[in-house]
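# Sharing a model prediction with you, sequence too.
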Amino acid sequence: MSEKIVIALGGNALQSGKGEPTAEAQLAVVRKTCEHIAEISGSGYEIAVVHGNGPQVGRIVMASEAAKDVTPPMPFDVCGAMSQGYIGYHIQQCLKYALNKTNRNIPVVTVATQMIVEANDPAFKNPTKPIGPFYSEAEAKQLEKEKGYIMREDSGRGYRRVVASPLPRKIVEIDAVKELWDHAIVITCGGGGIPVIEKPNGTLEGTAAVIDKDFAAELLAEQVDADILMILTEVEKVALNFNKPNQQELDHISLAEAAEYVEEGHFPPGSMLPKVEAAMKFVRAFPQKRAIITSLDKAVEALEGKTGTVLTFN
Ligand SMILES: Nc1ncnc2c1ncn2[C@@H]1O[C@H](COP(=O)(O)OP(=O)(O)O)[C@@H](O)[C@H]1O
Ligand SMILES: NC(=O)OP(=O)(O)O
């Protein structure tokens, strides 16, 4: 039987193309990434794709706010749904093309996915998820004053707006994803899923937050009994002392080592910490399985054990 793999694509990594953060620049990165995903599919893996949306949803919110004199601003959850739509569309288009090139006629489909979060999740009081563009410290201070945004430094790359990032609890469309699994490559839980709160009468209500797609991908991997959780971002390996002269890249981490490095503060919240924590959760749930963190362009080599950081139980 072929192995199942959930592949998570970083929202920032998808915007890592040179030049302006345009849809065209993202499409170019998605196109290249999909060549790798098609190659993985060609090696016999069953795949689902999850993607991030931090930069994208941040810009959609900004555009919506900026257009307030022309049309009413969109609620935050709707902006999240819009980001799922356009990133999913890019992946669908590029992945289908890459699969066709290798004569693999597999349908590719995006499922608009809602994710149940808890209304009393402490994350609502402690925003950590960076979204939108990067700013200088002075610009960040100005935005805090003018717009009331909460701004934080993001992994040495500049300041960004941070928003609440509650934990994903339940994938609303999981039955549809499971039904589709044998027939298509499913793009699901985009941007971590559209955050919704379940009301006592059973209705769902969108809420203003951005769920971490690493945790969403992990939850999906558990639900579909995936063999591998693969998290693709901008760096080839997870590092200790990241961006410092004594930076040390890691080939392999055990669960116990990962816990120690987390405790020592090597991984910032909202960027590398959720990836490592999601990987830890996966191998804790499935001690025989593995999680891999690497860059978009190294996915194939990492699966072959040639690069990336592999996290296992022992
Ligand atoms: N210890 C670390 N090891 C590797 N990268 C790190 C580390 N700490 C912070 N980073 C940064 O975190 C980034 C990944 O987080 P982020 O950009 O939020 O991910 P995504 O691509 O999923 O949106 C890396 O590209 C790197 O710049
Ligand atoms: N939603 C989410 O996790 O986005 P990023 O991958 O951009 O951080």
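That came in fine, so what should we check first? Ligands and ions are numbered 1, 2, ... in the order given.

# hey, let's count contacts and neighbours off CA atoms from now on
OK.

# what does the stretch 51-200 of the chain have sitting close to ligand 2?
Counting by Cα under 6 Å from any ligand atom, the positions of the stretch 51-200 of the chain adjacent to ligand 2 are 52-55, 191-192.

# And for the stretch 201-314 of the chain?
Going by Cα under 6 Å from any ligand atom, the residues of the stretch 201-314 of the chain near ligand 2 are 210-213.

# will you turn those residues into a markdown table that also has neighbour count and secondary structure?
Shown next, in a markdown table, are these (neighbours: other Cα atoms under 10 Å; DSSP: H, G, I helix; E, B strand; the rest coil):
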| residue | neighbour count | secondary structure |
| --- | --- | --- |
| Val210 | 30 | coil |
| Ile211 | 29 | coil |
| Asp212 | 29 | coil |
| Lys213 | 30 | helix |
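
# ok so, going back, mind checking which of the residues of the stretch 51-200 of the chain next to ligand 2 are in helices?
54-55 (DSSP state H).

# downstream neighbour of the helix or strand hosting Ile5 in the secondary structure list?
Per DSSP states H and E, Ile5 falls inside strand 4-9. Per DSSP H and E, strand 4-9 leads on to helix 11-14 as the next helix or strand towards the C-terminus.

# what comes into contact with that following helix?
Residues from elsewhere that reach helix 11-14 (Cα atoms under 8 Å, 6 or more residues apart in numbering): 26, 29-30, 51-56, 191, 232-234, 296.

# can you narrow the residues you listed to ones near ligand 1?
Residues of the contacts of helix 11-14 in contact with ligand 1 (Cα under 6 Å from any ligand atom): 233-234.

# just the contacts of helix 11-14 now: which is nearest Thr102?
Val30 (17.3 Å; Cα to Cα).

# how close does the residue of the chain most remote from its centre sit to ligand 2?
Most distant from the centre of the chain: Asp69, at 32.4 Å, with distances by Cα atoms, centre = their mean. Distance, Asp69 to ligand 2, using Cα to the nearest ligand atom, to the nearest Å: 28 Å.

# Any chance of TSV for the residues of the stretch 51-200 of the chain next to ligand 2, columns pLDDT and neighbour count?
Putting those into TSV (pLDDT from 0 to 100; neighbours: other Cα atoms under 10 Å) gives the following:
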residue	pLDDT	neighbour count
Gly52	97	30
Asn53	97	29
Gly54	96	29
Pro55	95	22
Gly191	98	31
Gly192	98	31
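
# residues from the stretch 101-250 of the chain in reach of ligand 1?
155, 233-235, 238-240, 242.

# Buried ones among those?
233-235, 238-240, 242 (16 or more other Cα atoms under 10 Å).

# Looking at the residues you listed, which is nearest Lys4?
Among these, and counting by Cα to Cα, the member closest to Lys4 is Thr233, at 19.9 Å.

# Residues in a beta bridge with that closest one, which ones?
When bridges are called by DSSP bridges, Thr233 pairs up with Ser295.

# need the contact list for it.
So Thr233 contacts 9-10, 12-13, 293-296 (Cα under 8 Å, 6+ apart).

# farthest-separated two in these?
Greatest spacing in the contacts of Thr233, by Cα to Cα: Asn12 and Ile293 (14.6 Å).

# Any chance of the backbone angles for Leu250?
Main-chain torsions, Leu250, degrees, to the nearest 10: phi -110, psi 130.

# does it really touch Asn241, like I thought?
No. Assessed by Cα atoms under 8 Å, Leu250 is found out of contact with Asn241, at 10.9 Å.

# All the strands of the stretch 51-200 of the chain, residue numbers only.
For the stretch 51-200 of the chain, the strands defined by DSSP state E, counting those that start in this stretch occupy 108-110, 114-116, 129-135, 151-153, 159-163, 170-171, 185-187, 194-198.

# any chance of the ones you listed in a markdown table, with mean neighbour count too?
Formatted as a markdown table, those follow (neighbours: other Cα atoms under 10 Å):
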| stretch | mean neighbour count |
| --- | --- |
| strand 108-110 | 23 |
| strand 114-116 | 25 |
| strand 129-135 | 21 |
| strand 151-153 | 21 |
| strand 159-163 | 25 |
| strand 170-171 | 20 |
| strand 185-187 | 25 |
| strand 194-198 | 24 |
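
# Kindly reformat the ones you listed as JSON lines containing mean pLDDT.
Output for the strands of the stretch 51-200 of the chain, formatted as JSON lines (pLDDT from 0 to 100):
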{"stretch": "strand 108-110", "mean pLDDT": "98"}
{"stretch": "strand 114-116", "mean pLDDT": "98"}
{"stretch": "strand 129-135", "mean pLDDT": "95"}
{"stretch": "strand 151-153", "mean pLDDT": "95"}
{"stretch": "strand 159-163", "mean pLDDT": "96"}
{"stretch": "strand 170-171", "mean pLDDT": "98"}
{"stretch": "strand 185-187", "mean pLDDT": "98"}
{"stretch": "strand 194-198", "mean pLDDT": "98"}
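
# If anything else comes up later, I'll come back, but that's it for now.
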